[in-house]
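*Asks:* sequence first, predicted model second:
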Amino acid sequence: MALSDVIGESLANGNIVRVDNFGTFQLNLIGTPADSDAVIGKSNIKEAKISYRPSKELKK
């Protein structure tokens, strides 16, 4: 449970999470384009996904 909480908090802070011998978690955001940097905000984000890539050791 604690590992899940730490991974979630770290992803929410924009970090990539690497767990030795297990793999990597990364947050991917999908959004709508904006005309300028000044109008980019939370309303532009349409979807957030967590991607997972297994480590080489785990793939074996």
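*Replies:* Now that the structure is in, tell me what you want to look at. Being a predicted model, the structure only gives us computed values, none of them experimental. Numbers count the residues shown, from 1 in each chain.
*Asks:* excluding chain neighbours, what is closest to Thr32?
*Replies:* Spatial nearest neighbour of Thr32, excluding adjacent residues (C-beta to C-beta, 6 or more residues apart in numbering): Asn44 at 5.2 Å. Placement of C-beta: from N, CA and C, glycine included.
*Asks:* ok, Thr24 to Tyr52 distance?
*Replies:* The gap separating Thr24 from Tyr52 is 7 Å, by C-beta to C-beta, to the nearest Å.
*Asks:* again with Ile30
*Replies:* 17 Å.
*Asks:* strands of the protein, start to end?
*Replies:* For the chain, the strands defined by DSSP state E cover 17-19, 23-31, 45-54.
*Asks:* residues of the second one that come out buried?
*Replies:* By neighbour count on 16 or more other C-beta atoms under 10 Å, the buried set for strand 23-31 is Gly23, Phe25, Leu27.
*Asks:* nearest to Val17 among those residues?
*Replies:* Distance to Val17 across the buried residues of strand 23-31 (C-beta to C-beta) is lowest for Phe25, with 4.4 Å.
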